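**Q** The following block contains a protein sequence and its predicted model.
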Amino acid sequence: MKSLLLTTAALAALATGGSAGAADLPVKAPPIVAAAVYDWTGFYIGVNAGYTWSNSNSVDTVTTNVSSIGGLNGNIGGAVAANGTGSVHLRNDGFIGGGQIGYNRQFNNFVAGIEADIQGVARRSSQNTITNTGVPGVLIPVTSSATITSSRSLDYLGTVRGRIGILPKPSLLAYVTGGLAYGGVNTSTTIVERLGFVDTPAPFGTSGSLSTTRVGWTAGAGLEWMFAPNWSAKAEYLFYDLGTVTNTLPQIQQFGLNGTLLETVSNSRSSTHFDGSIVRVGINYKFGGGPVIAKY
């Protein structure tokens, strides 16, 4: 009995000492988890490419103030004016590509910034319109024919825009944008007319062109994804409007074979509106920053 008590006491002491020793052992710390905190603040540069299509597609030519020799040929001026008036449908759709530079500032889940870009446009359009009309009110039938040739092009387009957006995910920016647009535009119109008089006068005509830089506005929206440190890709839509360009053509005069002045057309002009849409993708490199790795 005494031996049994001693054995029981020894086992109890051993159990108590073992428990205390286990309690004194150090507890292993949980693993450190690294999470990426994306920093959008900083300057960036990039390239873009896409497609553009024009919204307004007509070149409208108007001829007025036609003076012709009186009496027998009094209606000829109206026929000349009618034939020197018309519209041609010209689309400026095609590839667009260039580069951009900008700066972003991040405020928690919001990003605001400014971006400037410029890109070239690869498309020019031209078309002919021919009209033949009999001239009423003359004893001898007279025909009036005209060929109107017009062209228009947008050679380059640039913007300076503000951007403001929200981060639905730390690496994804959804934004709206708007501001100033500018572009190099060209337009030209040539009118060649002919009257079928008995003395068969030679054709007469006028031609004028205009090349200028237009300033207007632009607005749009896009998504940008930071897919690697310092690198992001974007997809964007923009609408631009550069306004209406009017090209005034020089005076037209037609002479008969005997040198008689038959017609004077002193006011011909063509107008076209430059506006349209752009869908493009791009890639940007941001200086400094990128995803910052925070350890928890």
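**A** Looks like it came in fine.
**Q** and the residue nearest to Ser56 when sequence neighbours are not counted, how many neighbours?
**A** Once flanking residues are discounted, Ser56 sits nearest to His273: 3.8 Å by CB to CB, 6 or more residues apart in numbering. From N, CA and C alone the C-beta is placed, and that goes for glycine too. By other CB atoms under 10 Å, 18 other residues sit near His273.
**Q** three-state assignment of His273?
**A** strand (DSSP: H, G, I helix; E, B strand; the rest coil).
**Q** got it, and Gly288?
**A** At Gly288 the chain is in coil, as set by three-state DSSP.
**Q** now swap in Gly78 and tell me
**A** Of the three states, Gly78 takes helix under three-state DSSP.
**Q** That one: how many residues sit nearby?
**A** Neighbour tally, Gly78, other CB under 10 Å: 16.
**Q** returning to that earlier point: gap between the residue nearest to Ser56 and Ser58?
**A** Applying CB to CB, to the nearest Å, the value for His273 to Ser58 is 8 Å.
**Q** and what of Trp40?
**A** Computed as CB to CB, the Trp40 to Ser58 distance reads 43 Å.
**Q** can I assume Ser150 is in contact with Val59?
**A** Yes. Assessed by CB atoms under 8 Å, Ser150 is found in contact with Val59 at 4.1 Å.
**Q** Show me whatever sits in contact with both of the two.
**A** Residues touching both Ser150 and Val59 (CB atoms under 8 Å, 6 or more residues apart in numbering) are Val88, Leu90, Thr187, Thr189, Ser270, Thr272.
**Q** Secondary structure element for the fifth one, which one?
**A** Ser270 is part of strand 261-286, with elements assigned from DSSP states H and E.
**Q** Relative to the whole chain's centre, how far out is that strand?
**A** Distance, stretch centre to chain centre, for strand 261-286: 13 Å (CA atoms, centre = their mean, to the nearest Å).
**Q** And for Ser144, the neighbour number?
**A** 24.
**Q** ditto for Gly183
**A** Residues near Gly183, counting by other CB under 10 Å, number 23.
**Q** Report the contact partners of it.
**A** Leu154, Asp155, Tyr156, Leu157, Gly158, Thr213, Arg214, Gly216, Tyr240, Leu242, Phe274.
**Q** 10 Å - rerun?
**A** 118-119, 121, 154-159, 212-216, 218, 240, 242, 274, 276 (CB atoms under 10 Å, 6 or more residues apart in numbering).
**Q** Having no further points to raise, I will conclude here.
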